[in-house]
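In: give me the fold of what follows.
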Amino acid sequence: MEEYTILRQFADSWMLLLLFVFFICIVIWVFRPGASKEYKDTANIPFRHADAPAPLRGDDEAALRTCDKSAESKEASK
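Out: Below is the predicted model:
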């Protein structure tokens, strides 16, 4: 057989199965229970600023430090 024919048959059979299994694994990885925290953090990236980054969820100390820094920078600019 010709090399093209062999590769075409492989792509039509086993590669199709391999890519389908890969797709299913990615879907399971995205919708796993522990992924929501990571995706919420990533979704908040546009709301972060260089001078006052958005705190991570549950990080109350970081939120307080951020408020203190932003208040100090406002007072210094006056």
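In: alpha carbons only for contacts and neighbour counts from here, please
Out: Fine.
In: contacting residues around residue 5?
Out: Residue 5 makes no contacts at all, as judged by C-alpha atoms under 8 Å, 6 or more residues apart in numbering.
In: quick check on it: phi, psi?
Out: phi -60, psi -40 (degrees, to the nearest 10).
In: from here on, count from 207
Out: Got it, the first residue is 207 from now on, which makes the last one we talked about residue 211.
In: pLDDT weak spots in this protein?
Out: By pLDDT under 70, the weakly predicted segments of the chain are 258-284.
In: helices of that one, start to end?
Out: 209-216, 222-236, 241-249, 266-283 (DSSP state H).
In: look up how far residue 247 lies from residue 253.
Out: 10 Å (C-alpha to C-alpha, to the nearest Å).
In: higher neighbour count, those two?
Out: It is residue 247, of residue 253 and residue 247, that has more neighbours when counted by other C-alpha atoms under 10 Å, with 13 against 9.
In: what is the burial count for residue 217?
Out: Neighbours of residue 217 using other C-alpha under 10 Å come to 14.
In: I misspoke; the intended subject was residue 251.
Out: 11.
In: how about residue 231?
Out: Per other C-alpha under 10 Å, the neighbour tally for residue 231 reads 11.
In: distance of it from residue 238?
Out: Taking C-alpha to C-alpha, one finds residue 231 at 10 Å from residue 238.
In: which neighbours do these two have in common?
Out: Going by C-alpha under 8 Å, 6+ apart, no residue sits against residue 231 while also sitting against residue 238.
In: and residue 219, how many neighbours?
Out: Neighbour tally, residue 219, other C-alpha under 10 Å: 11.
In: residues in contact with it?
Out: So residue 219 contacts nothing (C-alpha under 8 Å, 6+ apart).
In: distance of it from residue 245?
Out: Where residue 245 is concerned, residue 219 sits at a distance of 35 Å (C-alpha to C-alpha).
In: what are the buried residues along stretch 218-226?
Out: Across stretch 218-226, burial judged by 16 or more other C-alpha atoms under 10 Å covers no residue at all.
In: cool, thanks, signing off.
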